[in-house]
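In: build the 3D model from these lines:
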Amino acid sequence: MGGHSHWATIKRHKSAQDAKRGKIFTRIIRELTIAARQGGDPNGNPRLRLAVAKAKEANMPGDTLKKAIQRGTGELPGVTYEEFQLEGYGPGGTALLLEVTSDNRNRSVAEIRSLLTKNGGNMAEAGAVAWQFHKKGLIVVERNKVEEDRLLTLALDAGAEDVKGSDKTFEVVTAPHDFEAVKKALADAKIESSLAEVSFIAQNTVSLAEKDAEHMLKLMEILDEHDDVQKVHANFDISDEVMEKVAAAAG
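Out: Prediction:
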């Protein structure tokens, strides 16, 4: 599985350098608040448990975390967020699936439509591309952190569906309900992951040449910056060779 099929895999290098804490916290706070609607106890609420783990990984202050949960359970007043998905097309015929949380759906849709139109994409009808993505747990491990056979054995024994290797990383794919068990098994074995999340993974990818790759990465960056966009999923694949050319042109 050559190339870069996951935006998150590309982005994590950048975010490690310029972690925009405010933006990261905003996303996690919204996720905590929405997840807490199904109950404020992480032990009985898997979605909240994941959000709390993410908050702790980001070193969110305990008071901020607690207040976000209390706004979700109704113990504290706060903004009511609606969560929904938007679908679209990007450069080179790529499919886009956006997870959005907003306190004003019409405004968010209009703004995101405008961003797509101005940057080589367009909005799609509901259902047009969502079928191409399946919800999965995704854990990315750098190749130099672990031997392939050891990772395969541990991950598959813990319930992973698949382990895919590229030049620099391994991607461990799980069913959403097995994600926590597999993540814990790798953590217990002291195998460090550079990314661990439940995500939407494209079943097939579209390979992009240099120009489309450049435009696609720019569009992903712009969408990712929008306050109401929690996550952007896309089905592009960019080879290491093209990535190097794009990086060189940008540098």
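
In: pLDDT wise, what is A16 at?
Out: Per-residue confidence (pLDDT) for A16: 48.

In: downstream of the one helix or strand G72 maps to, the next helix or strand is which one?
Out: In the assignment (DSSP states H and E), G72 maps to helix 62-73. Toward the C-terminus, helix 62-73 is succeeded by strand 82-90 as the next helix or strand (DSSP H and E).

In: continuing past that following strand, what's the next helix or strand?
Out: Counting by DSSP H and E, what follows strand 82-90 is strand 94-102.

In: who are the packing partners of that next one?
Out: Packed against strand 94-102 by the contact rule (3 or more Cβ pairs under 8 Å, 6 or more residues apart in numbering; DSSP states H and E) you find helix 21-35, strand 82-90, helix 105-118, strand 195-202, helix 210-225, strand 229-234. Just so you know, the C-beta spots here come from the backbone N, C-alpha and C atoms, and that holds for glycine as well.

In: so what touches the helix or strand following the fourth one?
Out: Once the chain leaves strand 195-202, the next helix or strand it forms, by DSSP H and E, is strand 206-207. By Cβ atoms under 8 Å, 6 or more residues apart in numbering, the list of residues contacting strand 206-207 from outside reads 3, 92-95, 235-239.

In: can you lay out the residues you listed as a markdown table showing neighbour count?
Out: What follows is these, written out as a markdown table (neighbours: other Cβ atoms under 10 Å):
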| residue | neighbour count |
| --- | --- |
| G3 | 20 |
| G92 | 16 |
| G93 | 11 |
| T94 | 25 |
| A95 | 23 |
| N235 | 21 |
| F236 | 28 |
| D237 | 20 |
| I238 | 26 |
| S239 | 17 |
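
In: and of the helices and strands packed on strand 94-102, who's closest to R150?
Out: With Cβ to Cβ as the measure, strand 195-202 is the member of these nearest R150 (17.7 Å).

In: from the chain's centre, how far out does that closest one sit?
Out: Averaging C-alpha positions (Cα atoms, centre = their mean, to the nearest Å) puts strand 195-202 6 Å from its chain's average.

In: contacts for it next, please.
Out: Contacts of strand 195-202 (Cβ under 8 Å, 6+ apart): 5-6, 8-9, 12, 50, 54, 95, 97, 99, 132-140, 173, 176, 179, 183, 231, 233-235.

In: could you rerun that using 6 Å?
Out: By Cβ atoms under 6 Å, 6 or more residues apart in numbering, the residues outside strand 195-202 that reach it are 8, 12, 97, 132-140, 176, 179, 183, 233, 235.

In: ok, of those residues, which come out buried?
Out: Among those, the ones that count as buried by 16 or more other Cβ atoms under 10 Å are 8, 97, 132-133, 136-140, 179, 183, 233, 235.

In: which residues of the stretch 1-150 of the chain score low on pLDDT?
Out: Applying pLDDT under 70 to the stretch 1-150 of the chain picks out residues 1-21.

In: switch the cut-off to 50
Out: The model of the stretch 1-150 of the chain has pLDDT under 50 over residues 1-4, 13, 16-18.

In: about what we covered before: farthest pair within the buried ones among the contacts of strand 195-202?
Out: For the buried ones among the contacts of strand 195-202, the maximum inter-member distance is 25.3 Å, found between Q132 and K183 (Cβ to Cβ).

In: wait, V79 sits on S102?
Out: No. Here V79 lies out of contact with S102, judged by Cβ atoms under 6 Å, at a distance of 9.7 Å.

In: and these two? Which one has more around it.
Out: S102 (22 against 10; other Cβ atoms under 10 Å).
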